[in-house]
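[1] Give me the fold of what follows.
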Amino acid sequence: MKLDWLKPLLGRTGPFTTVYLDATRADPAGATEVQDRWKGLRRELERQGAPSRLLDELGDRIDRPTRVAAPHGRVLIADAEGVRVDRVLAEPPAQDMGVHGPVPALLPAARAADETVDHLLVVVDRVGADLYWSDDSGRLAGGLHEVVEGDHDEIRKVRTGDGWHHRRSQMRAEDSWERNAETVAADIDRQIRERTPELIILTGDVRAVPLLHQALGHKAKELVVEVPGGSRADGVKQDSFDERVRATLDAYRARRREEVLDRFRLEQGRGEAAVTQLDDVIAVLGRGQVAELVLLESVATPTSPLAERTVWVGPDPLQIAGSRSDLAAMGVDDGARELRADIGLVRAALGQDAGLTFAVDGSVDLIDGVGAVLRWHDSATPSEAVLSQSADRGRVRDVV
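    Numbering: from 1, shown residues only. Next up is the predicted model:
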């Protein structure tokens, strides 16, 4: 899972105010339910010492409609100067929460964001296509979409007639479909270079779909999944098609997670580009080696044993150590501070453009509930081969 959306928090200093809120509105035009939820959270944040000016800004943000009809949540994170993160979540939180303190509450937001897929839905016919981009929550942005059209020349084959003129008309129609598909494909190729979606869902006319698929560039073809049942015309069974799309997104999420875990298991078995145990993960984060941070789902709870452990960090996210003396040995004195381990790990992962994957408990062997897939390894990288081949149970502790 990408962590880019948390980057505005890098380099900021506390205190931070974090709000997780059920943003669902029974009446899309009204905000009474959301305002009532916010009033309760505001009182709690006032008790925690959050300044009124900042709470007013958060309240103004929360009053703005999200334009999402289905149940959904929202996370807002602010520092002393104002709101830095405002993101819609695909599902409402199990419990509304407001926290004011020295660090933002990152893990619940990251856990919720793990359920999203950045995708593009393309509904194509023989004339052109409608392009629907997902929003930050992974949902399609209502009925808003882009339209890409071809030249409309000879878009239908003639059903009657025979001879040379009839064959010529058929050929002109098929040539027109291909050119329209090429026009749509060129626009999609351009957009995915700019917006880099994780998935493209392709649906529509049974003749136009394969033509468009064939016309797409290599990168787009790698992202395409064809889902039948969609149409630009009226009369489509929308509920059935929406269910197919949901199933496709669910399958992609599962595949995305399993690809990371498969790589972790493989590299762990080799004793090479994967590590586990808190101290080893801290070491590779500090060296900028991490491609994907892996956490058990249970780590993302306030009662996790990892939440009770701490790390020491400096001003730079990659300045991270298990103790103050270790951080000082790295040459970091000014700006040294102690953080909860889970916050420090996510901060360091964000600072090196690493991803974050949550694993179901029991699906992978993670000491302390944490692990990492590495971009590279060398002789100084902690080796998992030692753990797997020895009876040193001192390292095998606190399995979350």
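
[2] Which residues are in contact with residue 4?
    Residue 4 makes contacts with residue 353, as judged by C-beta atoms under 8 Å, 6 or more residues apart in numbering. C-beta coordinates here come from the backbone N, C-alpha and C atoms, glycine included.

[3] I'd like to know how far it sits from residue 354.
    To residue 354, residue 4 is 11 Å away according to C-beta to C-beta, to the nearest Å.

[4] Please spell out the segments of the stretch 101-250 of the chain that come in under the pLDDT threshold.
    Flagging of the stretch 101-250 of the chain using pLDDT under 70 yields the residue ranges 137-138, 141-144, 151-175.

[5] Tell me if I'm right that residue 228 and residue 203 touch.
    Yes: assessed by C-beta atoms under 8 Å, residue 228 is found in contact with residue 203 at 6.5 Å.

[6] who's more crowded, these two?
    Legend: neighbour count by other C-beta atoms under 10 Å for residue 228 and residue 203, higher for residue 203 (24 against 13).

[7] how near is the nearest residue to the more buried one once chain neighbours are set aside to residue 201?
    When the adjacent residues along the chain are set aside, residue 203 lies closest to residue 230, with 3.2 Å between them (C-beta to C-beta, 6 or more residues apart in numbering). Per C-beta to C-beta, residue 230 is found 8 Å from residue 201.

[8] got any residues that touch both of these two?
    Residues within reach of residue 230 and of residue 201 at once, by C-beta under 8 Å, 6+ apart, are residue 121.

[9] picking up where we left off before, please list all residues in contact with the residue nearest to residue 203.
    Residue 230 makes contact with 121, 123, 203-204, 236, 241 under the criterion C-beta under 8 Å, 6+ apart.

[10] Show me the two of these that sit farthest apart.
    Distances among the contacts of residue 230 were taken as C-beta to C-beta; the most separated pair is 121 and 236, at 12.8 Å.

[11] Look at these two and report which has more neighbours.
    Regarding residue 121 and residue 236, a neighbour count based on other C-beta under 10 Å identifies residue 121 as having more, with 23 against 15.

[12] Direction included, what does the host helix or strand of that one pair up with?
    Following DSSP states H and E, one finds residue 121 within strand 119-124. Paired strands of strand 119-124, with direction, are strand 128-133 (antiparallel), strand 199-204 (parallel) (DSSP bridges).

[13] C-terminal to the first one, what's the next element?
    Proceeding N to C from strand 128-133, the next assigned helix or strand is strand 146-149, under DSSP H and E.

[14] elements contacting that next one?
    Strand 146-149 sits against strand 128-133, helix 163-195, with contacts defined as 3 or more C-beta pairs under 8 Å, 6 or more residues apart in numbering; DSSP states H and E.

[15] hmm, who's touching it?
    By C-beta under 8 Å, 6+ apart, strand 146-149 touches 127-131, 133, 180, 183-184, 187-188.

[16] Which of the residues you listed has the largest number of neighbours?
    Most neighbours among the contacts of strand 146-149, by other C-beta under 10 Å: residue 129, with 29 neighbours.

[17] OK, contacts around the residue lying closest to that one once chain neighbours are set aside?
    Ranked by C-beta to C-beta, 6+ apart and with sequence neighbours excluded, the top spatial neighbour of residue 129 is residue 184, at 4.6 Å. The neighbours of residue 184, taking C-beta under 8 Å, 6+ apart as the test, are 122, 124, 128-129, 148, 150, 212, 215.

[18] No more questions from me, cheers.
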